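Trainee: sequence below, structure please.
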Amino acid sequence: MIVETAQQHYRTLSWTLARLGLAVAVASLWCPAPAQDGIWPLGDPQQQMPGPHPVPQHLLYIIPGESQLCTLYFDGSQVELPTEQRWRFMCGSDVTGRTLEELRAYAHSHLLALEDGAEFVVNNGTRDGGLDIVFYADASVPSEALSALALAEEYLESLFGDAFTVPINISFQNMGSGVLGATGSRWVTNVTYNNSRSGLQSGMDGDDVIQSYLPSGSTVPVRYDGNSGTITYENRIDWTRANFNATVGSSSGVAGDMTINSAIDWDWNPANGISVGHFSFVDVVCHETGHALGFVSAVDDQAAAMDAMDLYRFQLTDGGQDYNPDTYEEFQVRPRLVDYNVPNDAHISDLIAAEYRMEDGSPNQGSHFRQQTDPWIGLMDPIINVRETHFPSYYSSADKAMFDAIGYDYPRCPIFFITQPEPLQTACEGGIVQLSVTVQDGFAMNYQWRRGDTPLVDDFVHIFGATTSTLIINGFTAGDVGSDYNCLVTHPTYQCSEASDFAELVLDPDAPVITQQPQDQTVTEGGWASFSVTVTNPLIMTYQWRREGAPLSEGGRFFGTDTATLTILPVELGDAGQFDCVITSQLGAQCTVTSDAATLTVNPAGGNDCPEDLNGDERVDLADLSILLANYGLTPADPEDGDLDGDGDVDLGDLSQMLSFYGQDCPTHP
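Mentor: Numbers count the residues shown, from 1 in each chain. Here you go, the predicted model:
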């Protein structure tokens, strides 16, 4: 008991020095001892190191980092938080005879190799905006390892829906026999419990429950001494950078480092089994990435501190104080247990719906499930043997449940967009706009089109299909212009949702705008008639004149049927009717607009005993005078324009004749 107290004191002192910005190397009990069935962590006795082994010591090397200004997801506020690296030899390694100096040398050799950037980047992209694992490899990494890293990347990204990037640096070094490699997870430390709980609760997905029952208030109860009932009310939680980014807020930089022992016989592709005497490289990478993602416990650091996963760590036995919670209500108030090897073999992670035995730091690292083979509990147990693989589903249900509890979006929402809405559409005013998405197994999904996060509602006049895969806007207006149209797709079984990319709808700036409409005309049979329309940007427009809705063809008596001015010469009695022009832009959405209809009135040719009656109402009055004055000065002119004296123009002589018969009924000439 005196030795245990001194060891804990030394760890707390070392931890304090690290917080003060000093690089610290610490030795303490860690990782594997020989399993009870006689199988050594690195393989069976015939293939690896037979004979009695002492309980190995694990080594911890801490490199303090610079503080970072981090933005919290749940409220957008910013906090400055310390960062650091924590280096250890990989789990499954026999570190007997290894020294802190070796661990430090491996760490700095790796960091130096990646200092000027990676030689290779293993990044096959993300799956619909979810987790993006990116491996940065230096020149020491063999080509076979690059392919294996791609397999690990694909698997890990298939599990979690969190939309952020996890950069991990990879190198190879010859470390001799017995050691698989060394890893250095990056950390964000001293996060308040309040902010930690808020991050976990605000990020809950459809199947999450346990996070709602985290202790309220600004502290969480914890026993740092498993032999005592003393409770500490902890107000700080440490997070791996990846776990912090998944759950609490944004922190930039590398999430983890792995330097792999090139002297180990690695099997690069577990799909065809693992060769005799070889280790599955993909299994090891998925295991070590799991630690970087947050499958860790402060038990291994033997300090009065809590890591995020320790929020679910309790004593297996009730003891005299009912330490093992049986209900969600007890989970909220029972003290957590974070102590090295005390009580011995009596540590659990408790999610109430499930309970998992945990290692306690001796003989195996506490950042693992308790080692067991029947049944196998998960990839995050402490030992990977030669020829062992869990291809193709490397993580067990227990592994996934713990990642879910510490804030990862699992199960990943099984919604995969095949096509996104067209990102930009130029629409015609008054026209019809259509936006569509397609998703895998789309027939089973629920759809909701939105502007931003505001749902659209069918009115069956302007909006159609708001809850289908295709949205239709009929009669597009300036009020429909927006850059945030999207479709929220919800899986009816998992009750999880994925939003499509944004689509932007704008009015076509090249759409024709009529500035002058065609005017009514009255002409005499055999004369000529002309209609004109004026639009903006006339050089990019096409025109089509119509009579009573039927397109007119060029030739014969019709001229300019596809121009801005239509001329009819000579006019026949049957030409009387409604004329309009359809104008179409040749740019953008090629919008079309139709002019107002102008009326053509045709008077029969022949003797006219009342030429001053220009509008044909059998009386010479103001209406006729108005027509003449509207055409005053017109050359050439017809009688129906007001050329009463037949001299080819409308002038003072015509006005005088009109006035001499003004106010008379027809006929005016006997």
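
Trainee: drop to CA atoms for contacts and neighbour counts, all remaining ones
Mentor: Will do.

Trainee: which parts of the stretch 1-150 of the chain are strands?
Mentor: Assigned by DSSP state E, counting those that start in this stretch, the strands in the stretch 1-150 of the chain fall at 24-29, 57-64, 68-72, 78-81, 83-89, 120-122, 132-137.

Trainee: CA atoms of the third one as PDB?
Mentor: Put plainly, it is strand 68-72. Only the C-alpha atoms of strand 68-72 are listed here, as PDB (Å, rounded to 0.1, in the frame of the first residue of the first chain):
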ATOM      1  CA  GLN A  68      -5.400  26.300 -28.800                       C
ATOM      2  CA  LEU A  69      -8.500  28.500 -29.200                       C
ATOM      3  CA  CYS A  70     -11.300  26.000 -29.800                       C
ATOM      4  CA  THR A  71     -14.900  26.700 -30.800                       C
ATOM      5  CA  LEU A  72     -17.500  24.700 -28.900                       C
END
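
Trainee: including mean neighbour count, could the strands of the stretch 1-150 of the chain go into JSON lines?
Mentor: Formatted as JSON lines, those follow (neighbours: other CA atoms under 10 Å):
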{"stretch": "strand 24-29", "mean neighbour count": "18"}
{"stretch": "strand 57-64", "mean neighbour count": "23"}
{"stretch": "strand 68-72", "mean neighbour count": "18"}
{"stretch": "strand 78-81", "mean neighbour count": "14"}
{"stretch": "strand 83-89", "mean neighbour count": "23"}
{"stretch": "strand 120-122", "mean neighbour count": "17"}
{"stretch": "strand 132-137", "mean neighbour count": "24"}
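
Trainee: comparing the ones you listed by mean pLDDT, which bottoms out?
Mentor: Mean pLDDT is lowest for strand 24-29 among these, at a mean of 39.

Trainee: quick one on the thing from earlier: quick one, which of the strands of the stretch 1-150 of the chain gets closest to residue 318.
Mentor: strand 24-29 (26.5 Å; CA to CA).

Trainee: using CSV, lay out the strands of the stretch 1-150 of the chain together with distance to residue 193.
Mentor: Formatted as CSV, the strands of the stretch 1-150 of the chain follow (distance: least, CA to CA, whole Å):
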stretch, distance to residue 193
strand 24-29, 25
strand 57-64, 22
strand 68-72, 13
strand 78-81, 13
strand 83-89, 17
strand 120-122, 35
strand 132-137, 27
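
Trainee: relative to residue 380, which of these is closest?
Mentor: strand 83-89 (15.6 Å).

Trainee: packing partners for the closest one?
Mentor: Secondary-structure packing of strand 83-89 (3 or more CA pairs under 8 Å, 6 or more residues apart in numbering; DSSP states H and E): strand 57-64, helix 100-113, strand 181-192.

Trainee: chain center to the last one, what's the gap?
Mentor: Distance of strand 181-192 from the chain centroid (CA atoms, centre = their mean, to the nearest Å) equals 26 Å.

Trainee: the stretch 101-250 of the chain: helices as residue ranges?
Mentor: Secondary structure of the stretch 101-250 of the chain (DSSP state H, counting those that start in this stretch): helices located at 143-159, 193-202, 241-247.

Trainee: and the helices in this structure?
Mentor: Assigned by DSSP state H, the helices in the chain fall at 2-19, 100-113, 143-159, 193-202, 241-247, 281-293, 328-333, 397-405, 622-630, 652-660.

Trainee: residue 476 is in contact with residue 433, correct?
Mentor: Yes - using CA atoms under 8 Å, residue 433 is in contact with residue 476, at 7.0 Å.

Trainee: what's the weakest-modelled helix or strand in the chain?
Mentor: Taking mean pLDDT, DSSP states H and E as the measure, the chain has helix 2-19 as its least confident helix or strand, at a mean of 35.

Trainee: one step back: export the helices of the chain to CSV and append columns for distance to residue 268.
Mentor: Output for the helices of the chain, formatted as CSV (distance: least, CA to CA, whole Å):
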stretch, distance to residue 268
helix 2-19, 37
helix 100-113, 21
helix 143-159, 5
helix 193-202, 36
helix 241-247, 25
helix 281-293, 6
helix 328-333, 42
helix 397-405, 23
helix 622-630, 93
helix 652-660, 104
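
Trainee: rank those by pLDDT, which is bottom?
Mentor: Across those, the lowest-scoring stretch is helix 2-19, with a mean of 35.

Trainee: give me the contact list for stretch 586-606.
Mentor: 426-428, 508-514, 517-526, 531, 533, 540-542, 571-573, 575-585, 616 (CA atoms under 8 Å, 6 or more residues apart in numbering).

Trainee: of the residues you listed, select the buried ones using a ChimeraX command.
Mentor: Buried subset of the contacts of stretch 586-606, written as a ChimeraX selection, criterion 16 or more other CA atoms under 10 Å:
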select :426,427,428,508,510,511,512,513,514,517,518,519,520,521,522,523,524,525,526,531,533,541,542,571,572,573,575,576,578,579,580,581,582,583,584,585,616
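
Trainee: how about the residue lying closest to residue 566 once chain neighbours are set aside, what does it touch?
Mentor: Computed as CA to CA, 6 or more residues apart in numbering, the closest residue to residue 566 that is not its neighbour in sequence is residue 560, at 4.8 Å. Counting by CA under 8 Å, 6+ apart, residue 560 makes contact with 554, 566-567.

Trainee: same question for residue 575.
Mentor: Listed by CA under 8 Å, 6+ apart, the contact partners of residue 575 are 600, 602.

Trainee: any idea how far it is from residue 557?
Mentor: 10 Å (CA to CA, to the nearest Å).

Trainee: what's across from residue 71 in the sheet?
Mentor: Residue 71 forms beta bridges with residue 78, residue 250, as assigned by DSSP bridges.

Trainee: who's in contact with stretch 209-225?
Mentor: By CA under 8 Å, 6+ apart, stretch 209-225 touches 192-194, 197, 200-201, 204, 229-236, 304, 311, 328-329, 331-339, 342, 351-352, 405.

Trainee: and those residues, which are buried?
Mentor: For the contacts of stretch 209-225, a burial check counting by 16+ other CA under 10 Å picks out 192-194, 197, 200-201, 204, 231-232, 234-236, 304, 311, 328, 331-339, 342, 351-352, 405.
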